[in-house]
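**Student:** pasting the structure only:
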């Protein structure tokens, strides 16, 4: 792999392999060696292009004259910093969980005209790769460095205390937002931010790892892995939580993001039309929940794209891909995994009915997302800036997601708690509501496999291209003249930053905020722009892949891949404790583009050399230690503002505390005590809640009667309540829960038995017990993660729609709320038993 600024600099000097004639030479600015002032120095109109070695640029020298009074002095304004002359605007687009074979641009049946447009107006890249998972891909995209290099070896919610996994982008690896901003670009981020550490999302900050702290002047989007597009509980403008959907039925974030981006671009064009901008546009589609508008569902359903099922779909996509020329003509379609999934002709009519509905809603979501992206591109056209705008449209941050499980789910939160709802129950209760605000829907895993055609596997799998191959298109009419061209060179998301730096003429900085910068680890892709260089060998020679223990190494047309040891939907399954011992496969990609033929037995020496190369790269880029755990990583202690605390007190109203910074009462005993005052006319409203419609708890007064409710994933609700209204005056309400399990401590022994166990809950009013009942099971891992912990009111969605609607503010007075958590502690005997029971538990080791 090309690493270091020397290689980036070298690519800048090889003009013959990069530029399409003299015209392109003029359009791709050269890196500036010194500050260049335009206009009269010291005048209000003067601008300067900085050399970029030190960011922010050092203060400019005062060139005027200072006497004892203004009449004897000459003013001298510092020049305004602007990008190099001819530098383009940058529109960087990344969608979510879109497999290589889903969009029409790469052979899919789902119409994606915006992506089609960028490809037809520029270049289509068929050999471009992600890391196989959300946060890691986005961290690599924004920094030009490998995901472990910047602490994102896993999603932010799964952070662990190792440099490659703590999900904190280090200060010596500045983002492209910071670099472009300090070189005079206006920068904005719309959509998904999955790169703020989950334990730093509270109002207490810090905010240096938020978009506004990572070089973006403006942010409008959600913080976290996904969100409810109808009623997002984690939507922010800059660092302020907002709820624009309240009072606006039918509001959808997919459209709102486009509206906000278009409004921002229009304002910028009218106020400062000459400013260059960098816009990172990252909508939530098509990550679950799949939330298209009813109009898009109807439109796609009428197309009958999926009536023949996933096996026929896969064959159709494969044939389309060969016709389009986005896979080699000798490429083979990888086998259907009969040991994992049923074939379509083996399904019952009920299964087919449900699964077709799921696919229609997913396809509608992708088409809807692409349509809104098209509106943003249309605004660039309307402003007359398309010619000198580089549009990079990356279709997905990883392969299609199989996290919906074998049958799909009306509630993604259920899958992350290990709960699978049978097809019959899904049809009976959620079929018509699929994709509406009443579901948090995800499709069945076999559809994901089909949308990753022609490859095997899906999101989360870093060793096989179904998890990492992304369709990508780039257009820049002023410079890219091979309209509709196809490029085959191997590339990776870390190559986007060096590409942007080269086309803008901006160098990678040596220092940012006084901190020496680590080298950029990707290579520029600009050498692929000229038609004459369409088939030159890739400049990206070596690339490791690793995600949750699954790993691979690519080098000059070969890839060694570990055998997949855990299916992506098995999130709460015991895993092999030593992923370093996973067996290897070997593929010669020059003749086998889809990883069809494992040639490990044929070339043992080659495999041994590739394995050795992997460990070298793993050491170099902070990949170690390998960790194959998945769901259990989400609940291990992290350095949040709640770390080490067991007692929490509040009063009045406090809303918007995100899950990772809220008191975590799962897998533990706890008490919640509220000291309240009831006015003479009675009161109602939320005292405290976390989560909402798709999983969580609430403590509230309903018609002046206390209620404590656990919403178990919108499938069941357990309720404690008093049958007597409260009298005016002071009262103490208390809910106590005694947990019956060993708690999270068992996870350290690769054992899940301590979590999700049952217990007994008791509701008291002024010390008197008014309701006691047992819960057979509790949520083991998470409440609805995109909703917040709220005191004195509710945001997002209610825990029970039949009881109230948000915000349902408490109309009494909350003097004090105390939450006390008693987490289980393992005894020596418990530890001895857990050690004795430790084993493989690998679901695919048979």
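**Tutor:** Perfect, I can see it now. Keep in mind that what you see is a predicted model, and the values were worked out from it rather than measured.

**Student:** quick check: residue 336 vs residue 459, distance?
**Tutor:** According to CB to CB, to the nearest Å, residue 336 and residue 459 sit 18 Å apart. (C-beta placed from N, C-alpha, C; glycine too.)

**Student:** who has more neighbours out of these two?
**Tutor:** More crowded of residue 336 and residue 459, by other CB atoms under 10 Å: residue 459, with 29 against 19.

**Student:** for the more buried one, give me the pLDDT.
**Tutor:** Per-residue pLDDT puts residue 459 at 98.

**Student:** count the neighbours of the nearest residue to residue 558 once chain neighbours are set aside for me.
**Tutor:** Counting by CB to CB, 6 or more residues apart in numbering, residue 558 lies nearest to residue 588, which is 6.0 Å off, once chain neighbours are set aside. As a burial measure, residue 588 scores 16 neighbours (other CB under 10 Å).

**Student:** return the residues in contact with residue 588.
**Tutor:** 557-558, 597, 599, 603 (CB atoms under 8 Å, 6 or more residues apart in numbering).

**Student:** and for residue 95?
**Tutor:** For residue 95, the contact set (CB under 8 Å, 6+ apart) comprises 282-283, 285-286, 366, 369-370, 373, 394-397.

**Student:** hmm, try it at 10 Å
**Tutor:** 102-103, 112, 115, 191-192, 281-287, 366, 369-370, 373, 393-397, 470-471 (CB atoms under 10 Å, 6 or more residues apart in numbering).

**Student:** likewise residue 506?
**Tutor:** With contact taken as CB under 10 Å, 6+ apart, residue 506 is in contact with 29, 31-32, 49-52, 55, 83-84, 87, 176, 179-180, 182-185, 500.

**Student:** residue 480 is in contact with residue 121, correct?
**Tutor:** Yes - between residue 121 and residue 480 a contact is recorded at 8.3 Å, counting by CB atoms under 10 Å.

**Student:** okay, the two: which has more neighbours?
**Tutor:** Each of residue 121 and residue 480 has its neighbours counted (other CB under 10 Å); residue 480 has more, 23 against 18.

**Student:** and the more buried one, how close does it get to residue 691?
**Tutor:** Taking CB to CB as the measure, residue 480 falls 47 Å from residue 691.

**Student:** also residue 258?
**Tutor:** Where residue 691 is concerned, residue 258 sits at a distance of 29 Å (CB to CB).

**Student:** pLDDT of stretch 490-503, averaged?
**Tutor:** 98.

**Student:** how far does it stretch from one end to the other?
**Tutor:** 20 Å (CA to CA, to the nearest Å).

**Student:** ditto for stretch 751-763
**Tutor:** 32 Å.

**Student:** chain center to that stretch, what's the gap?
**Tutor:** Chain-centre distance of stretch 751-763: 30 Å, with CA atoms, centre = their mean, to the nearest Å.

**Student:** buried ones in it?
**Tutor:** 751-752, 754-757, 759, 761-763 (16 or more other CB atoms under 10 Å).

**Student:** show me the residues you listed that map onto strands.
**Tutor:** Per DSSP state E, strands hold the following members of the buried residues of stretch 751-763: 759, 761-763.

**Student:** in the stretch 501-650 of the chain, which spans are helices?
**Tutor:** Counting by DSSP state H, counting those that start in this stretch, the stretch 501-650 of the chain has helices at residues 604-620.

**Student:** so, low pLDDT: which residues of it?
**Tutor:** Residue ranges of the stretch 501-650 of the chain with pLDDT under 70: 575-577.

**Student:** can you map out the strands along it?
**Tutor:** Taking DSSP state E, counting those that start in this stretch as the test, the strands found in the stretch 501-650 of the chain are 511-512, 515-516, 542-547, 550-555, 558-562, 584-588, 647-650.

**Student:** out of these, nearest to residue 291?
**Tutor:** strand 542-547 (26.0 Å; CB to CB).

**Student:** quick one: list the elements packing against the closest one.
**Tutor:** In terms of contacts (3 or more CB pairs under 10 Å, 6 or more residues apart in numbering; DSSP states H and E), strand 542-547 is packed against helix 134-143, helix 465-468, strand 491-492, strand 550-555, strand 558-562, helix 604-620.

**Student:** pull up the pairing partners for that strand, direction included.
**Tutor:** Sheet pairing of strand 542-547 (DSSP bridges) gives strand 550-555 (antiparallel).

**Student:** list the buried ones in the partner strand?
**Tutor:** Those would be 550-555, for strand 550-555 by 16+ other CB under 10 Å.

**Student:** so how far is that strand from its chain's centroid?
**Tutor:** So, by CA atoms, centre = their mean, the centroid of strand 550-555 is 22 Å from its chain's centroid.

**Student:** quick one: buried residues of the biggest helix by length in the chain?
**Tutor:** Counting residues, the longest helix found in the chain (DSSP state H) is helix 349-382. By neighbour count on 16+ other CB under 10 Å, the buried set for helix 349-382 is 351-352, 354-374, 376-377, 379-380.

**Student:** then stretch 514-524?
**Tutor:** Neighbour-count burial for stretch 514-524 [16+ other CB under 10 Å]: 517-524.

**Student:** for stretch 242-256, same thing?
**Tutor:** 243, 245, 251-256.
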